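Colleague: Okay, structure incoming, though there's no sequence with it:
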Ligand SMILES: Cc1cc2nc3c(=O)[nH]c(=O)nc-3n(C[C@H](O)[C@H](O)[C@H](O)COP(=O)(O)O)c2cc1C
């Protein structure tokens, strides 16, 4: 069965980003796909130190030199066929919390044991802002390029006149 893993980059409990990501995951579940969620909310996640430990010393169960809540995420990412990465818009790019997560996933692509682990995955990006025209596209782009190892696809949706009714025709695909 195909597995889609949602990664939510909002530090807020019951955040808008998580709500929208759960709705998106519900729609793929209707297709018989198995879904799972990881959120940064309440998690302790260090930044990547660029120590390159993963490139020289990684083994199957030890992904990274830093031991924190990424240990919960790593096996989920390895198992997933697709990643759905969602972020609140922070200064027109992804949240710092999510950036740390994507940086740390480097060890599932360049790590000694898990080399190339992202190669056959596909992805989708979701961005949630406060204002219109205030960084959705650049946030999607930051996720897209931040995820240069998984081929993250992007999609943007607009609501007419701030009505909240999404217009699928305005989807942006890259
Ligand atoms: C540090 C910070 C920077 C933000 N920058 C932007 C921004 O550039 N554009 C915008 O529209 N909203 C910005 N916001 C607002 C959030 O994107 C908005 O409130 C969003 O709905 C939060 O999603 P969440 O509830 O999932 O955390 C910012 C919020 C924070 C805390």
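Modeller: Yes, it's here. In this text the structure is predicted, and so the values were computed from the model without any measurement. Numbering: from 1, shown residues only.
Colleague: Would stretch 92-103 count as contacting the ligand?
Modeller: Yes: counting by Cβ under 6 Å from any ligand atom, the ligand has neighbours in stretch 92-103: residue 92. Placement of C-beta: from N, CA and C, glycine included.
Colleague: Do you know the pLDDT at residue 167?
Modeller: Note for residue 167: predicted pLDDT of 59.
Colleague: ok, and residue 72, which helix or strand is that part of?
Modeller: helix 70-79 (DSSP states H and E).
Colleague: who does the helix or strand just after that helix pair up with?
Modeller: Sequence order places strand 82-88 as the next helix or strand after helix 70-79, per DSSP H and E. Here strand 82-88 has these sheet partners by DSSP bridges: strand 3-8 (parallel), strand 122-128 (parallel).
Colleague: And the ones you listed, which one averages the lowest pLDDT?
Modeller: Ranked by mean pLDDT, those bottom out at strand 122-128, with a mean of 92.
Colleague: Could you tell me which residues of the chain lie near the ligand?
Modeller: Proximity of the chain to the ligand (Cβ under 6 Å from any ligand atom) is limited to residues 10, 12, 15-17, 88-92, 128-131, 134-135.
Colleague: Restricted to buried residues, select these in ChimeraX.
Modeller: To isolate the buried ones among the residues of the chain next to the ligand in ChimeraX, judged by 16 or more other Cβ atoms under 10 Å, type:
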select :10,15,17,88,89,90,128,129,135
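Colleague: Kindly indicate which of the residues of the chain next to the ligand lies nearest residue 63.
Modeller: residue 10 (23.7 Å; Cβ to Cβ).
Colleague: quick one: which helix or strand includes the closest residue in space to the closest one that isn't next to it in sequence?
Modeller: Residue nearest to residue 10 in three dimensions, not counting chain neighbours: residue 17, with 4.1 Å by Cβ to Cβ, 6 or more residues apart in numbering. Using DSSP H and E, residue 17 sits in helix 16-29.
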